[in-house]
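Visitor: got a structure for you, letters missing:
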């Protein structure tokens with residue numbers, strides 16, 4: 001898959017399926033191909049896996065992820081209004097643990113009588129439906145990819161879907177509807193890939209022998 005040509009990615013799998021590893025691999029490869037990418041990274045879980053991004057100006061953790069989505073959406077809206085002034089940069093929003101964040105925001109909205117979850121759902125839906133044409137991508141990382149996470153059918157706008165590890169028949173059917181799905185069993189870092197213009201295929205992420213160096217490589221590109 002040409003990761004640079006498929007700006008919207010849905011990466012899903014149960015805990016321990018290798019999602020974080022796959023995400024770091026794909027991000028490093030994207031930055032190699034497109035080092036000018038402006039990354040916005042939302043890590044609701046505040047995981048050690050992504051702590052190397054602390055200090056990067058567009059890194060958001062915990063409850064600050066709301067601000068991250070809104071900052072990205074604001075940049076998207078400005079460029080939609082005046083694309084020529086901003087040139088042809090590539091922008092990418094990565095959101096890890098997106099459903100957990102939405103659950104948190106919905107509970108907070110109920111308690112505080114606010115509408116922050118609706119803000120996020122609306123922003124992500126618009127980005128998925130309209131972002132590709134002006135260089136704005138969205139990568140969502142989640143254990144499950146229920147349609148309710150994406151307003152107005154926006155889930156159909158993902159141009160690449162990766163399901164890792166052991167997936168139930170229901171999950172496979174939800175992710176890869178209309179495809180002939182193999183009965184194979186997949187371990188950590190292994191699974192299925194469906195990308196626009198391609199048939200459903202098995203995928204296995206290669207082992208990175210020095211993850212700390214790979215993270216440094218990502219950070220160095222982002223801060224250059």
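Guide: Done, it's in. Given the structure is predicted, the values throughout are model-derived calculations rather than measurements.

Visitor: list the contacts for the residue most central in space within the chain?
Guide: In the chain, the C-alpha nearest the mean C-alpha coordinate belongs to residue 139, at 1.9 Å (Cα atoms, centre = their mean). Each residue near residue 139 by Cβ atoms under 8 Å, 6 or more residues apart in numbering is listed here: 8-11, 23, 26, 92-95. Placement of C-beta: from N, CA and C, glycine included.

Visitor: Out of those, who's the most crowded?
Guide: Tallying neighbours with other Cβ atoms under 10 Å puts residue 93 at the head of the contacts of residue 139, with 27 neighbours.

Visitor: May I ask which helix or strand encompasses it?
Guide: In this structure, residue 93 is located in strand 91-96 according to DSSP states H and E.

Visitor: got a list of what residue 199 touches?
Guide: Residues near residue 199 by Cβ under 8 Å, 6+ apart: residue 179.

Visitor: and it, helix, strand or coil?
Guide: In terms of secondary structure, residue 199 is coil; the call rests on DSSP: H, G, I helix; E, B strand; the rest coil.

Visitor: how near is it to residue 6?
Guide: From residue 199 across to residue 6, the span is 15 Å (Cβ to Cβ, to the nearest Å).

Visitor: And for residue 116?
Guide: For residue 116, the distance to residue 6 (Cβ to Cβ) stands at 29 Å.

Visitor: cool, and residue 103?
Guide: For residue 103, the distance to residue 6 equals 28 Å [Cβ to Cβ].

Visitor: more crowded one of these two?
Guide: Here residue 103 and residue 6 are compared on neighbour count by other Cβ under 10 Å; more neighbours surround residue 6, at 19 against 13.

Visitor: isn't the more buried one right next to residue 161, touching?
Guide: No. Residue 6 lies out of contact with residue 161 (Cβ atoms under 8 Å); the separation is 9.8 Å.

Visitor: What is the burial count for residue 155?
Guide: 21.

Visitor: Give me the distance between it and residue 174.
Guide: 9 Å.

Visitor: what do the two both touch?
Guide: With the criterion set as Cβ under 8 Å, 6+ apart, the overlap between the contacts of residue 155 and residue 174 is 145, 147.

Visitor: Select the longest helix from the protein.
Guide: Ranked by number of residues, the top helix in the chain under DSSP state H is helix 65-81.

Visitor: what's in contact with it?
Guide: By Cβ under 8 Å, 6+ apart, the list of residues contacting helix 65-81 from outside reads 38, 40-44, 58, 60, 86, 91, 93, 95, 101, 105, 116, 119-120, 123-124, 126-127, 130-131, 134-136.

Visitor: Return the subset of these lying in helices.
Guide: With DSSP H as the criterion, helices contain 86, 101, 105, 116, 119-120, 123-124, 126-127, 130 from among these.

Visitor: By pLDDT, rank the residues you listed and give me the bottom one.
Guide: By predicted confidence, these are weakest at residue 86, whose pLDDT stands at 55.

Visitor: And stretch 96-103, what's buried?
Guide: Of the residues in stretch 96-103, 96-99, 101-102 count as buried by neighbour count, 16 or more other Cβ atoms under 10 Å.

Visitor: what's the answer for stretch 102-113, then?
Guide: 102, 104-105.

Visitor: Give me the distance between the closest residue to residue 106 other than its chain neighbours and residue 51.
Guide: What sits nearest to residue 106 in space, not counting adjacent residues and going by Cβ to Cβ, 6 or more residues apart in numbering, is residue 117, at 4.5 Å. Distance of residue 117 to residue 51, computed by Cβ to Cβ: 26 Å.
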